[in-house]
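K.L.:
missing the sequence, but the structure's below:
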Ligand code: NAD
Ligand code: ZN
């Protein structure tokens with residue numbers, strides 16, 4: 001089968017030929033229908049060797065959908081031919097976090113060397129993939145795989161972040177979304193579906209800001225050193241009750257802290273390496289700063305419910321497996337609108 005792999009530190013993604021995998025005990029084999037490209041893949045491919053905790057080569061793709069092709073010994077309750085999406089942040093399934101559905105915060109994953117597909121385990125950017133346990137599958141129930149694969153991360157991660165700030169996003173409040181790419185353009189739609197907050201989007205090009213408005217942002221502001229001041233102007237000086245930073249770089253976390261309201265939330269989702277100082281006088285009174293990772297299994301089901309109700313529509317650019325390396329190049333250069341998705345030809 002064809003697969004897209006990151007093969008050695010400092011290399012570029014490559015299309016390679018691999019044997020079709022066989023499901024072992026408890027595992028499920030999927031024929032992949034779609035795999036999203038995430039900026040985290042680019043982050044991983046820029047890590048030095050000592051920051052990579054899993055072996056290479058790695059088959060990429062942590063946002064995946066597929067059709068159940070076969071199941072391994074002992075697997076019940078999954079029908080071949082079923083259309084499913086993959087919950088990516090795999091955990092041990094037995095610790096207190098996993099028991100609460102929060103496998104993204106599994107207490108044992110690191111020590112048991114359990115990795116998400118595409119971020120340690122072989123991922124979805126291939127013709128077939130192995131899923132370690134049927135509990136990591138969510139039925140699509142008629143949702144389009146290409147538009148739904150991104151919801152497993154570009155939907156789930158902003159959903160988890162927004163859900164934590166819901167008590168603050170009351171009528172009359174303001175939410176800021178910094179970076180309106182894959183995660184951000186879904187985040188805007190989720191904010192509109194889940195809250196009555198006014199949504200202010202920030203990005204670095206007019207084209208991205210136009211997409212932000214198209215998907216529901218009330219206001220769109222260029223992300224520069226004046227951006228926080230613009231948010232204060234738009235809110236009578238009050239600032240934003242919640243700021244979601246989907247870039248996380250030094251200038252954007254500074255903007256995030258500068259435009260937060262008293263008692264506001266700043267959520268740093270992007271892996272851009274920025275730091276925000278917390279301490280008396282550093283931020284408006286009682287601002288909370290968090291940096292969450294992905295989301296829980298029950299939250300993914302909730303995201304799919306929103307997709308079924310038509311509240312989220314991922315803007316996708318579709319590529320073949322052979323075109324994946326160029327698609328990563330475009331993502332790296334900021335040239336993708338919404339999410340790039342690889343869909344293997346059937
Ligand atoms: P993306 O490339 O699709 O989108 C990033 C957007 O940010 C682009 O539209 C880009 O133009 C914009 N941008 C770049 N610099 C900016 C700036 N200075 N100000 C405002 N906008 C700017 O990326 P993505 O796949 O949506 O991922 C976003 C970030 O979230 C990445 O850092 C990724 O690694 C991270 N991420 C984190 C988690 C998590 O669990 N914490 C999960 C998935 C992705
Ligand atoms: Zn991701």
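P.N.:
Here it is on my side, so go on. Owing to the predicted nature of the structure, the values given are computational and were not obtained by experimental measurement. Ligands and ions are numbered 1, 2, ... in the order given.
K.L.:
pLDDT weak spots in the stretch 201-346 of the chain?
P.N.:
Along the stretch 201-346 of the chain, segments meeting pLDDT under 70 span 346.
K.L.:
So which bits of this protein are right by ligand 2?
P.N.:
For the chain, the residues in contact with ligand 2 (Cβ under 5 Å from the ion) are 38, 40, 153. (Each C-beta comes from the backbone N, C-alpha and C, glycine too.)
K.L.:
at 6 Å instead, please
P.N.:
38, 40, 62, 153 (Cβ under 6 Å from the ion).
K.L.:
Now for residue 270, how many residues are close by?
P.N.:
Neighbour count of residue 270, defined by other Cβ atoms under 10 Å: 24.
K.L.:
One more: the one 5 residues further on?
P.N.:
Around residue 275 there are 11 other residues, counting by other Cβ under 10 Å.
K.L.:
from what I can see it touches residue 248, true?
P.N.:
No: in this structure residue 275 lies outside contact range of residue 248 using Cβ atoms under 8 Å: 9.6 Å.
K.L.:
Okay, domains of this protein per the record?
P.N.:
The chain breaks down into these domains under automatic domain parsing: 2-153+295-342, 156-290.
K.L.:
Residue 202 against residue 187, yeah?
P.N.:
No: using Cβ under 8 Å, residue 202 is not in contact with residue 187, being 11.8 Å away.
K.L.:
which residues do the two both contact?
P.N.:
Contact with both residue 202 and residue 187 is made by residues residue 177, according to Cβ atoms under 8 Å, 6 or more residues apart in numbering.
K.L.:
buried set for stretch 97-113?
P.N.:
Going by neighbour count (16 or more other Cβ atoms under 10 Å), the buried part of stretch 97-113 is 97, 98, 101, 102, 103, 104, 105, 106, 109.
K.L.:
ditto for stretch 48-68
P.N.:
Buried residues in stretch 48-68 (16+ other Cβ under 10 Å): 58, 59, 60, 61, 62, 63, 64, 65, 66, 67, 68.
K.L.:
do stretch 5-13 as well
P.N.:
Buried residues in stretch 5-13 (16+ other Cβ under 10 Å): 5, 6, 13.
K.L.:
which residues are contacting it?
P.N.:
Here stretch 5-13 makes contact (Cβ under 8 Å, 6+ apart) with 4, 14, 16, 41, 44-45, 47-49, 52, 56-60, 324-325, 328.
K.L.:
for the domains of the chain, which one sits closest to ligand 1?
P.N.:
Smallest distance to ligand 1 across those (Cβ to the nearest ligand atom): 1.9 Å, for domain 156-290.
K.L.:
got the phi/psi numbers for the closest residue to ligand 2 within the stretch 101-250 of the chain?
P.N.:
Per Cβ to the ion, residue 153 is where the stretch 101-250 of the chain lies closest to ligand 2, at 4.0 Å. Here is the backbone geometry of residue 153 (degrees, to the nearest 10): phi -140, psi -60.
K.L.:
I'd guessed it sits against residue 293; true?
P.N.:
No: counting by Cβ under 8 Å, residue 153 sits too far from residue 293 to count as a contact (10.7 Å).
K.L.:
And these two? Which one has more around it.
P.N.:
Neighbours per residue (other Cβ under 10 Å) separate residue 153 from residue 293, with residue 153 holding more: 28 against 10.
K.L.:
Quick check: phi and psi at the closest residue to the more buried one other than its chain neighbours.
P.N.:
The spatially closest residue to residue 153, leaving aside those adjacent along the chain, is residue 63, at 4.7 Å (Cβ to Cβ, 6 or more residues apart in numbering). The phi/psi pair for residue 63 (degrees, to the nearest 10) reads phi -120, psi 110.
K.L.:
what's the answer for the one 4 residues further on, then?
P.N.:
With angles defined as degrees, to the nearest 10, residue 67 shows backbone torsions of phi -110, psi 130.
K.L.:
Across the sheet, point out what pairs with it.
P.N.:
For residue 67, the beta-bridge partners are residue 31, residue 83 (DSSP bridges).
K.L.:
Compute the number of surrounding residues for residue 93.
P.N.:
Residue 93 is flanked by 15 other residues according to other Cβ under 10 Å.
K.L.:
check contacts around it.
P.N.:
103, 133, 135.
K.L.:
My read is that the second one contacts residue 25, right?
P.N.:
Yep, that's residue 133 we're talking about. No: judged on Cβ under 8 Å, residue 133 makes no contact with residue 25 at a distance of 10.7 Å.
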